[in-house]
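Q: starting from these lines, generate the structure:
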Amino acid sequence: MLSVHKITNRNVNIKMVEELDIQGYIVRKADDIFYQKTHEWVTDNGDGTWSMGVNDFVVKMLREIADFQLPEEGEVFEEGDIIAYVEALKTTGEIYAPFKLEIIEANEDLYDDPDVFSESPYDDGWLVKFKKLEEPSEPLLDAEAYIPYLKEEAAKH
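A: Numbers count the residues shown, from 1 in each chain. Have a look, this model is predicted:
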């Protein structure tokens, strides 16, 4: 399945986004969406901030979400630190910092409606917004570079 969306922001810039179906998992492909091998996505919001969430693979592995442990505004994390937890009925997912960052906002709407996390992981289900404080030690992956890691993980499940 391939779907293409036009997303328009307040500045009337049009961004092309493709959604690729990779073995039953949706991967969003755009110039400003990057992935970690641990299945988190990050996107540059274009205003000096970044947003972060998890992809469809994590959502489907966790299944029924019970709770979240999100960071507080102003917290600083080093690359590789656990910055949040997503608690499901049978397991807990750890969310890792892709580089040194400072939290500017956590998506507290998830506490009231955790289904949004599962239903819209790339949009309303984002976890945190932050400022990047340092470049990552290794480059983040674009969708094409991330897909082999997803396929490898999908083959295990």
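Q: every contact and neighbour count from this point should use C-alpha atoms.
A: Will do.
Q: low-confidence stretches in this structure?
A: Within the chain, the set of residues satisfying pLDDT under 70 comprises 1-15.
Q: just give me the residue right at the centre of it.
A: residue 53 (2.3 Å; CA atoms, centre = their mean).
Q: tell me how many other residues crowd residue 60.
A: 12 (other CA atoms under 10 Å).
Q: ok, it to residue 124 distance?
A: Distance of residue 60 to residue 124, given as CA to CA, to the nearest Å: 17 Å.
Q: cool, residue 29 as well?
A: For residue 29, the distance to residue 124 - CA to CA - is 17 Å.
Q: what of residue 149?
A: Using CA to CA, residue 149 is found at 25 Å from residue 124.
Q: so what's residue 18 bridging to?
A: Taking DSSP bridges, one obtains residue 4, residue 29 as the residues bridged to residue 18.
Q: that one touches residue 31, doesn't it?
A: No - counting by CA atoms under 8 Å, residue 18 does not reach residue 31; the two are 10.1 Å apart.
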